[in-house]
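# predicted model, plus sequence, below.
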Amino acid sequence: MPASNTTVKIFIASSGEVKDEREKSVLIVYLVNQAFPGLDLKVVMWDYSMVRRSYPEHQNFQAAINSKLEKCKLAVFIFYSKVGDYTKEEFDLAQQNSIPIIIFHKQGFKGKSDDENKAYANLEAFLSSLDNVAVPLKYNNLTEFEYEFYKSLNQYLSEEYTHTKPLLLTIDQLQAHLEKQQAVIKGLEERLKEQESNELKAKALDEVQKGDYRAAEKHLAQSAASKIIDAGSTFFELGQLNEIQLLFKEAYEYYKLAAQFNPSDGQSLHRAGVMANVLGYYADAVDYSEKSLKAQSSKITEPYPIMANQLMNLALSFYNKKEYKKAIENCQKALEINKQYFKTDHVKIANCYNNLGLIHEGERDFQKALIQYKKALEVYHHIYEGDHPNIAICLNNIGLVYVHKEEYAKAIIKIESALVMGKKFLKGEYPEIGKMYANLGLAYYGKGDFNKSVHFFWLAVDLWEKFLPSDHPDIVITKENLQKALAAQAASKK
């Protein structure tokens, strides 16, 4: 986060019986932070923010926690069956310091003893007394909590920090985002847990669970230097940490190091190939993708979904090199493998259709491209309720087909819809948004609106230069298009 960002500390309190909600809230805060690039959200929880030691400057450990709470901008309390003395103390302190409060109450508790029923009655009495403070948000399960927490936090930030706008998702859309983020983090955690004997990796695991990826990266870098035998897996983990943060160049270098230490590790080779594709190193992308397939084939005799992912990246690598026949061949292989394991309305099937459309578009067979894109779009609409990043990307691709067909009005409608949708879910500064800007530049250039064309080409170049090398093909081509648009703009004013 840039130093100029506004720091917003969020205190989260709950008993151990809603530990899952507490852990989910950390991930949701991270997700919401992506939608508010001007803010630096920090979670404050006793088990994440407090070192288990004595605090001589405070009367007791709880007093140390309270000192952290007093510096927070928002307090979140999650209840289920009871309200503890310390939680009540924290709640009162938040009120005294005029800290905004959001309350969640999980439903469905059934006491099994008089003590439990008495504790629950005390909780109900406490919540009933809060009519003038806050209305508890009731939820029945973890999915409902995720959505309500996301929505409440988004609305609070939008109201308090007026330069931002709320981005609300449906439960399914939020779940898709959370699952994707959690899959990466879970993978990191599992890899780190396998090596808990390494003290530095144990510390890195702790930081990953807190969401502090920079601190985790420091521990992993120290681990790589101090324990060479684990260096390959450590470099892979460092690659993942940087990829999460959209630091593609750094991620690529770490994945390459991981592959050097473990040349038979298909996963490291595959991620190196993916990053090479992102950065425009297409020959390297082909090389790493082919090596990852070879490494995987030596371990698995039958086709498996992970091989479909590797084949797809190889197909995209050949597409970027304009070797379309090889691209289609590998994309079709990936599609056939996915069809063996997934239903026809699965996202992996839709992704294959979308990428086939991309390849046909490269061949300038626009009719075939539209057929594949529309098949992908049909599956995406069936899977997702409302808007979704995959739908935005597919609409953008369809818009580019209309640019090629010189149907510029249709192109602008599709790409602008994609841009609005994409900005809801992707970080404002995300490479895929750059493609939408560049395609709008092409559409407006074709239409003869050179002012708008220049504007969107500038936006694309400015965004890409933050993530990609200066000689990336997309940057080079878009700069050339920008010069043409500037020349046309100047000529039109004479």
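Received the coordinates, thanks.
# measure the residue nearest to Met307 when sequence neighbours are not counted to Lys339 for me?
In space, and not counting its chain neighbours, Met307 is closest to Gln296: 5.6 Å by Cβ to Cβ, 6 or more residues apart in numbering. Glycine gets a C-beta too; all of them are placed from N, C-alpha and C. To Lys339, Gln296 is 19 Å away according to Cβ to Cβ, to the nearest Å.
# can you map out the helices along the stretch 51-200 of the chain?
With helices called from DSSP state H, counting those that start in this stretch, the stretch 51-200 of the chain shows them at 61-69, 85-96, 114-128, 142-160, 171-193, 199-210.
# ok, now the stretch 251-400 of the chain?
Counting by DSSP H, counting those that start in this stretch, the helices of the stretch 251-400 of the chain are 266-279, 282-297, 305-320, 324-341, 347-362, 366-383, 389-404.
# which among those helices is found nearest to Phe109?
Evaluated with Cβ to Cβ, the helices of the stretch 251-400 of the chain place helix 366-383 nearest to Phe109, the distance being 34.7 Å.
# list the buried residues for that closest one?
Neighbour-count burial for helix 366-383, with 16 or more other Cβ atoms under 10 Å as criterion, is recorded at Phe366, Lys368, Ala369, Leu370, Gln372, Tyr373, Lys375, Ala376, Leu377, Val379, Tyr380, Ile383.
# so who does the residue nearest to the first one when sequence neighbours are not counted touch?
Distance criterion Cβ to Cβ, 6+ apart; nearest residue to Phe366, sequence neighbours excluded, is Val401 at 5.1 Å. Taking Cβ atoms under 8 Å, 6 or more residues apart in numbering as the contact definition, Val401 lies against Glu361, Phe366, Ala369, Leu370, Tyr373.
# and for Gly266?
So Gly266 contacts Ser292, Leu293, Ala295, Gln296, Lys299, Ile306, Gln310 (Cβ under 8 Å, 6+ apart).
# so the fourth one makes contact with Pro305?
No - in this structure Gln296 lies outside contact range of Pro305 using Cβ atoms under 8 Å: 11.0 Å.
# in terms of neighbours, single out the busier of these two.
Ranked by neighbour count (other Cβ atoms under 10 Å), Gln296 and Pro305 place Gln296 first, with 22 against 14.
# now the more buried one: how far from Gly448?
50 Å.
# on that earlier part again, ok, of the helices of the stretch 51-200 of the chain, where does mean pLDDT dip lowest?
Comparing mean pLDDT over these, the weakest stretch is helix 171-193, at a mean of 55.
# helix or strand for Ile475, which one?
helix 473-492 (DSSP states H and E).
# may I see the buried residues of that helix?
So for helix 473-492, counting by 16+ other Cβ under 10 Å, buried means Asp474, Ile475, Thr478, Lys479, Asn481, Leu482, Ala485, Gln489.
# show me what contacts the residue nearest to the fifth one when sequence neighbours are not counted?
Meaning Asn481. Leaving out its chain neighbours, the residue that sits closest to Asn481 by Cβ to Cβ, 6+ apart is Phe457, at 5.6 Å. Phe457 makes contact with Tyr437, Ala438, Gly441, Thr478, Lys479, Asn481, Leu482, Ala485, according to Cβ under 8 Å, 6+ apart.
# burial measure for Ala259, as a count.
Neighbours of Ala259 (other Cβ under 10 Å): 27.
# please name the nearest non-neighbouring residue to it.
Ser268 (4.5 Å).
# ok, of the buried residues of helix 366-383, which one's closest to Glu70?
Closest to Glu70, out of all of the buried residues of helix 366-383 and judged by Cβ to Cβ, is Ile383, at 45.6 Å.
# that closest one against Thr344, yeah?
No - using Cβ under 8 Å as the test, Ile383 is too far from Thr344 to be in contact (11.1 Å).
# TSV for the contacts of Phe457, including distance to Ser264 and pLDDT?
Compiled in TSV, those are given as follows (distance: Cβ to Cβ, whole Å; pLDDT from 0 to 100):
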residue	distance to Ser264	pLDDT
Tyr437	41	94
Ala438	39	95
Gly441	44	95
Thr478	39	94
Lys479	40	94
Asn481	43	93
Leu482	45	93
Ala485	49	93
